[in-house]
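# Dropping a prediction and its sequence here:
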Amino acid sequence: MEKGTGFMDRWILLCDLDAFFAAVEVLDQPHLKGKPVIVGGMGPRGVVATCSYEARAAGVHSAMSTAKARELCPQGVFLPPRPQRYREKSQEVFAIFRRFALMIEPRSIDEAYLEVDGDGPEMAKAIQEAVVRETGLSLAIGGGANKVVAKIASQLAKPGGIFWIPQEKAAEILAPLPAGMLPGVGPKTEALLRKEGYATIGDLQKASRERLQALLGERAGQSLWEKAAGQGPEFLDAPVPPKSVSVEETFPFDIPYSQVPSELRKLSRQLAKRLQGRRVKGHTLALKIRFPSFQTLTRQTASPQGLQDEEEIFSLARRLFEIHMVRGQYPRRVRLLGLRVNQLKKDEGKGRQLTFFPLLRPDDPFAGALPEESRGEGFPP
DNA sequence: TCTGGGGTCCTAGGACCC
DNA sequence: TCTGGGGTCCTAGGACCC
Ligand SMILES: [Mg+2]
Ligand SMILES: [Mg+2]
């Protein structure tokens, strides 16, 4: 099935690879097939990034500490993430998407919205078969008239299925699902809604728009009210250039203040390299500190000049730390340090031009950033 | 056994300008 | 004459996404 050209029905698909990191590890080491495979941090503070369905059967899930996962699943195969390898497979899959779709909007390393026309469910089937045949990966596809129903459908399609939500049945299909399945409703909002008597999407459908606005604010309430009814964006977003670049590290053991400068030095170096690699400069620098209590704060400062240089970043970072921490009554150890540069602008300065990034066109807002590759597979906090 | 890393968007108050 | 309103920049925090 090829891309359509005529004036036919348009559909939105949400294509999401199942247990992506673990699935890639199984592909590369076939003897792992059928075993509980757990990909995540190996250190004392590591957490599970993704695990195979065999591991899920043992109670393991994303965001769980690796130590807990070992306890639940001692026979599991524990592996550190290999981001480069996952990016490669992701690119293979997205290339297939591009053959079928009129347009694609990558959302993460393992997920993208597709716009297709013609027979939507048939198109989904063709895409899924091509991905399975050509990459060996399992893909779930949700489809419908807009992003909201496609996203929810994809959750219902997992693993490896296709779920279609016809718009005339959208409200009915959504009604029994928990409110937290709506995109944009996370743990906090879900708890608030539940407390107010809105446990399911159906409960929200019965609420007035004004009521939801009173609970969540004018904009968020309006948006939630629409989503509950199965309404959402019917078009994909054009790519947007990245707005920030950050690095952070949770230390295996809390470090004393005396060690902070040398850690900031390392983070500054990493951040500078990323900025230079992407050929962007930033305008503000933010320092993030998490204390042993998990209390977290950020301190930010604007810079008159474009931030890209390691020394520039390091001296600002150290100053932010000293100004706000040295005299503060905070505990004198830290669990995490992070640096983020905001308000990126393309570095128009000296240096090789596009030859360094032959894939990029001048108008490509992804220039040097390729955000769909830069994010890992995630999980809630 | 406490809780990763890389992002986006929204809110809100004060400064500053008109 | 006791108090306007909009716009933008800046900073801090929080919710959410994968
Ligand atoms: Mg996935
Ligand atoms: Mg996903």
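Structure's in. What do you need? Ligands and ions are numbered 1, 2, ... in the order given.
# any idea which element residue A:78 lies in?
strand A:77-79 (DSSP states H and E).
# same question, residue A:63
Using DSSP H and E, no helix or strand contains residue A:63.
# What is the burial count for it?
12 (other CB atoms under 10 Å). Where you see a C-beta, it was placed from the backbone N, CA and C, and this is true even at glycine.
# Please determine how far it is located from residue A:51.
Per CB to CB, to the nearest Å, residue A:63 is found 11 Å from residue A:51.
# what's the burial count for residue A:257?
15.
# what pLDDT does it get?
Residue A:257 is assigned 94 on the pLDDT scale.
# what do you get for residue A:190?
So residue A:190 comes in at 97 (pLDDT).
# list the helices and strands the helix or strand harbouring it packs on?
Assigning secondary structure by DSSP H and E places residue A:190 in helix A:187-195. In terms of contacts (3 or more CB pairs under 8 Å, 6 or more residues apart in numbering; DSSP states H and E), helix A:187-195 is packed against helix A:209-216.
# mind running it again at 10 Å?
Helix A:187-195 sits against helix A:201-206, helix A:209-216, helix A:218-228, with contacts defined as 3 or more CB pairs under 10 Å, 6 or more residues apart in numbering; DSSP states H and E.
# Let's have these in CSV, adding mean pLDDT.
Converted to CSV, the helices and strands packed on helix A:187-195 look like this (pLDDT from 0 to 100):
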stretch, mean pLDDT
helix A:201-206, 98
helix A:209-216, 93
helix A:218-228, 95
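# residues in contact with residue A:17?
A:23-24, A:50, A:86, A:89-90, A:93, A:108-112, A:131, A:135, A:137-140, A:159-160, A:377 (CB atoms under 10 Å, 6 or more residues apart in numbering).
# For ligand 1, tell me which of these show up nearby.
Among the contacts of residue A:17, the residues within reach of ligand 1 (CB under 5 Å from the ion) are residue A:110.
# Quick one: buried ones out of the contacts of residue A:17?
Applying 16 or more other CB atoms under 10 Å to the contacts of residue A:17, the neighbour count classes A:23-24, A:50, A:86, A:89-90, A:93, A:108-112, A:131, A:135, A:137-140, A:377 as buried.
# Now look at stretch A:298-308 and say if it contacts DNA strand B.
No. Using CB under 7 Å from any atom of the strand, stretch A:298-308 stays clear of DNA strand B, coming no nearer than 10.2 Å.
# Residue A:251 against residue A:338, yeah?
No. Counting by CB atoms under 10 Å, residue A:251 does not reach residue A:338; the two are 11.5 Å apart.
# list residues touching both of these two?
Looking at what touches both residue A:251 and residue A:338 (by CB under 10 Å, 6+ apart), the common residues are residue A:290.
# For the helix holding residue A:190, buried residues please.
So, applying 16+ other CB under 10 Å, buried residues of helix A:187-195: A:189, A:190, A:193.
# and what of stretch A:273-291?
A:274-276, A:278-282, A:285-291.
# same check, this time on stretch A:313-330
Taking 16+ other CB under 10 Å as the criterion, stretch A:313-330 shows A:313, A:314, A:316, A:317, A:318, A:320, A:321, A:325, A:330 as buried.
# So the third one belongs to a helix, correct?
To tie it back to what came earlier, the one meant is residue A:316. Yes. Counting by DSSP: H, G, I helix; E, B strand; the rest coil, residue A:316 is located in a helix.
# ok now do the closest residue to DNA strand B within the stretch 251-381 of chain A, which residues does it touch?
Nearest residue of the stretch 251-381 of chain A to DNA strand B: residue A:294, at 3.1 Å (CB to the nearest atom of the strand). Neighbouring residues of residue A:294 by CB under 10 Å, 6+ apart: A:335, A:336.
# Next: the one 4 residues further on.
The neighbourhood of residue A:298, defined by CB under 10 Å, 6+ apart, consists of A:286, A:287, A:288, A:289, A:320, A:324, A:338, A:340.
# Which of those residues scores worst on pLDDT?
For the contacts of residue A:298, the pLDDT minimum is residue A:324, 81.
# I'd like to know the beta-bridge partner residues of the nearest residue to that residue once chain neighbours are set aside.
Spatial nearest neighbour of residue A:324, excluding adjacent residues (CB to CB, 6 or more residues apart in numbering): residue A:299 at 4.9 Å. Per DSSP bridges, the residues bridged to residue A:299 are residue A:287.
# That's all I had, so thanks and see you.
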